[in-house]
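Novice: I need the structure of the sequence given here:
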Amino acid sequence: MKTIKFNGCKHLDFNDNYAAKKNAIMSNGQTKACWNRPVMDETYPALVQFCKLRGRLNNPLSCLCERNKQCSDYEDYEHIVEAVE
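Specialist: Okay, the predicted model is just below:
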């Protein structure tokens, strides 16, 4: 199990409530987390984010920094995410 610490919007959801696995990605030179969904159809995104306010965000870089925010509710927050692959 790998644990990572990074900043992103406080509304990003990294609780284990989804049929997806946490995945490590690089954003702005830092390791951050997104979700890797088991999709059968390639027209649907596999790497996504989940927002507590807006649901699934179809880009894995969404809301990992203020520049990539998807709404006006962005609030910077330090996440500590466990079980990242």
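Novice: residue boundaries of the strands in the chain?
Specialist: Counting by DSSP state E, the chain has strands at residues 4-9, 21-27, 30-36, 47-51, 55-57, 76-81.
Novice: on contacts alone, who are the packing partners of the fifth one?
Specialist: Using 3 or more Cβ pairs under 8 Å, 6 or more residues apart in numbering; DSSP states H and E as the contact definition, the elements that strand 55-57 packs against are strand 47-51. Just so you know, the C-beta spots here come from the backbone N, C-alpha and C atoms, and that holds for glycine as well.
Novice: Just the CA trace of the strand it packs on, in PDB.
Specialist: This file holds the C-alpha atoms of strand 47-51, laid out as PDB (Å, rounded to 0.1, in the frame of the first residue of the first chain):
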ATOM      1  CA  LEU A  47      -9.200   8.000 -15.400                       C
ATOM      2  CA  VAL A  48     -11.400  10.400 -13.500                       C
ATOM      3  CA  GLN A  49     -11.900  12.400 -10.300                       C
ATOM      4  CA  PHE A  50     -14.900  12.300  -8.000                       C
ATOM      5  CA  CYS A  51     -16.200  15.500  -6.400                       C
END
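Novice: Go through stretch 23-42 and flag the buried ones.
Specialist: For stretch 23-42, burial by neighbour count (16 or more other Cβ atoms under 10 Å) applies to 23, 27, 32-37.
Novice: wait, which of those is closest to Asn17?
Specialist: Closest approach between these and Asn17, by Cβ to Cβ: Trp35, at 10.6 Å.
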